[in-house]
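S.K.: Here is a sequence with its predicted model. Questions after.
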Amino acid sequence: MKSAVTICLVPEARQGPFVYHQGLADGCARAAKLGFHGVEIFPPAASAVKPAELKTLLRKHRLQVAAIGTGAGWLTKQWSLTSPDSAIRRKAIQFISQMIDLASQFSAPVIVGSMQGRVQPGIERSQALGWLADGLRKLSLRAAESRQVLLYEPLNRYETNLINRIDSAAEWLDEQSLEHVRVLADLFHTNIEQADVAAAIVRCGSRLGHLHFADSNRQAVGLGHTRMAPIIKALRKVGYEGYLSAEILPLPSSDQASEQTIQSYRKLVVRS
Ligand code: LER
Ligand code: MN
């Protein structure tokens, strides 16, 4: 299992759960200094990242791109895969497709979190889930062209009413035969939605593709009350070899949050 930390390039998400907010050069330098393996990037749009510039930074700091987040399409434009307006669904697919093309240059997966949207008033749940499945199918086939998977992130009930639990998501992806989609387990959301996080991870099995490494209060692991040892044991049991990526509030500061994260990673993963 590898370590990663988030870099947010979206000014509107300044209050969001991301560690670094001062640009790619600053974030990569700070991540590398602490020994992280990768960075997870949250750009306003694919065009905001210059591939050559990012490649130079990654080479200089010996970092990988762990994943690229697409939530800015929801946050800044309210585009989603389950909007009742077909023109908006098309814009959402185009926005995420461009992120997939960017991420493929870094052998990285793209995350569909907030851009899944929600079941809108007056819309049947089956219809919204149908739109979600259609969107994930198109996008995951595009990712598969570059031998990548697409990450689908169940969010807690206050952020979506589609699918809130990771084990339900894995089951639904199986039913829909969405073979190039993997589940992203965000430990902040699972703390709210799962009765037993470790058991849910085991039920996800090989569907698990990425993990947001956060404590119960969305601070760095070790600053809340989630019991992490059984979760790490479950990740080992399912043979998870992906990232533990710190999508957390920069508290008490960005540097302290990332330092706490890498210490927890070393204690839980490297030394045990
Ligand atoms: C995205 O990764 C996420 O966890 C959402 O809660 C952000 O709003
Ligand atoms: Mn998340």
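M.R.: That came through fine. Ligands and ions are numbered 1, 2, ... in the order given.

S.K.: Name the nearest residue to the one residue in the stretch 51-200 of the chain that gets nearest to ligand 1, ignoring sequence neighbours.
M.R.: The nearest approach of the stretch 51-200 of the chain to ligand 1 comes at Gly113, 3.6 Å away (Cβ to the nearest ligand atom). (Each C-beta comes from the backbone N, C-alpha and C, glycine too.) Distances taken as Cβ to Cβ, 6 or more residues apart in numbering put Glu153 closest to Gly113, at 4.0 Å, once the chain neighbours are dropped.

S.K.: residues contacting the one you found?
M.R.: Neighbouring residues of Glu153 by Cβ atoms under 8 Å, 6 or more residues apart in numbering: Ile111, Val112, Gly113, Gln116, Val183, Leu184, Asp186, His189, His212.

S.K.: how about 10 Å then?
M.R.: When contacts are counted by Cβ atoms under 10 Å, 6 or more residues apart in numbering, Glu153 touches 67, 69-71, 111-116, 159-160, 163, 166, 169, 183-186, 189, 209-210, 212, 247.

S.K.: Filter those residues down to the buried ones and express that as a PyMOL selection.
M.R.: Of these, the buried ones can be selected in PyMOL as follows, counting by 16 or more other Cβ atoms under 10 Å:
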select buried, resi 67+69+70+71+111+112+113+114+115+116+159+160+163+166+169+183+184+185+186+189+209+210+212+247
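
S.K.: how about the residues of this structure near ligand 2?
M.R.: Contact residues (Cβ under 5 Å from the ion) of the chain with ligand 2: Asp186, His212, Glu247.

S.K.: Using TSV, please lay out these together with pLDDT.
M.R.: Listed next are these as TSV, based on pLDDT from 0 to 100:
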residue	pLDDT
Asp186	98
His212	99
Glu247	98
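
S.K.: a markdown table for those residues, including secondary structure?
M.R.: As requested, those are arranged in a markdown table below (DSSP: H, G, I helix; E, B strand; the rest coil):
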| residue | secondary structure |
| --- | --- |
| Asp186 | strand |
| His212 | strand |
| Glu247 | coil |
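
S.K.: for the top helix by length along the chain, which positions count as buried?
M.R.: As assigned by DSSP state H, the longest helix anywhere in the chain is helix 125-145. By 16+ other Cβ under 10 Å, the buried positions in helix 125-145 come out as Ala128, Leu129, Trp131, Leu132, Ala133, Gly135, Leu136, Arg137, Leu139, Ser140, Arg142, Ala143.

S.K.: which of those lies closest to Lys33?
M.R.: For the buried residues of helix 125-145, the residue nearest Lys33 by Cβ to Cβ is Ala143; the value is 31.3 Å.

S.K.: Leaving out sequence neighbours, find the closest residue to that closest one.
M.R.: In this structure, Ala143 finds its nearest non-sequential neighbour in Leu150, 4.7 Å apart by Cβ to Cβ, 6+ apart.

S.K.: Verify the contact between Phe106 and Ile68 for me.
M.R.: Yes - with contact defined as Cβ atoms under 10 Å, Phe106 reaches Ile68; the gap is 7.9 Å.

S.K.: Now do the shared contacts for these two.
M.R.: Ile41, Val49.

S.K.: Neighbour count: those two, which is higher?
M.R.: Ile68 (24 against 20; other Cβ atoms under 10 Å).

S.K.: show me the contacts for the more buried one.
M.R.: Ile68 sits next to 39-43, 46, 49, 96, 99-100, 102-104, 106, 108-111, 151 when contact means Cβ under 10 Å, 6+ apart.

S.K.: 6 Å instead?
M.R.: Neighbour list for Ile68: Ile41, Met99, Ala103, Ala108, Val110 [criterion: Cβ atoms under 6 Å, 6 or more residues apart in numbering].
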